[in-house]
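Prediction below, plus the sequence it came from.
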Amino acid sequence: MSEKFERHRQPWRPDEVQKLHTLAKKGMALKAIAKALTRSEESVKDRAKLDGLSIAKLR
């Protein structure tokens, strides 16, 4: 895992949470959402779980 994430351990901003909800509802894949938010897949997965969202694994 050599990818670097600028947002490492940064708290989620309200606009990022909103974007996560929007992209998840559109059915975007986890990898695509992570890239769009410049966050790790693990971080996106954890936040989605916290908010009760389901995300497509791969596409």
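Structure received. Here the structure is a predicted model, which means the values were calculated and not measured.

can we go C-alpha only for contacts and neighbour counts from here?
OK.

helix or strand for the residue most central in space within the chain, which one?
For the chain, Val44 is the residue whose C-alpha lies nearest the centre (C-alpha atoms, centre = their mean; 3.0 Å). Assigned by DSSP states H and E, Val44 belongs to helix 41-51.

tell me the pLDDT at Lys19?
Confidence at Lys19, expressed as pLDDT, is 96.

Wait, a helix at it?
Yes: under DSSP: H, G, I helix; E, B strand; the rest coil, Lys19 falls within a helix.

OK, contacts around it?
By C-alpha atoms under 8 Å, 6 or more residues apart in numbering, Lys19 lies in contact with Leu37.

how far away is it from Arg47?
12 Å (C-alpha to C-alpha, to the nearest Å).

got it, and Arg9?
Separation of Arg9 from Arg47 (C-alpha to C-alpha) stands at 12 Å.

Tally up the residues packed near Asp51, please.
12 (other C-alpha atoms under 10 Å).

quick one: pLDDT of it?
Looking at Asp51, its pLDDT stands at 94.

what's the neighbour count on the nearest residue to Ala48 once chain neighbours are set aside?
Setting aside the residues directly before and after it, Ala48 is nearest to Ser54 in space (C-alpha to C-alpha, 6 or more residues apart in numbering), at 6.7 Å. Ser54 has 14 neighbouring residues, counting by other C-alpha under 10 Å.

these two touch, right, Ser54 and Arg47?
No: using C-alpha atoms under 8 Å, Ser54 is not in contact with Arg47; the gap is 10.5 Å.

and for these two, which residues touch both?
Common neighbours of Ser54 and Arg47 (C-alpha under 8 Å, 6+ apart) do not exist.

residues contacting Leu23?
Residues near Leu23 by C-alpha under 8 Å, 6+ apart: Ile33.

So that it lines up with my notes, have the first residue be 38 from now on.
With the count now opening at 38, the last piece we talked about shows up as Leu60.
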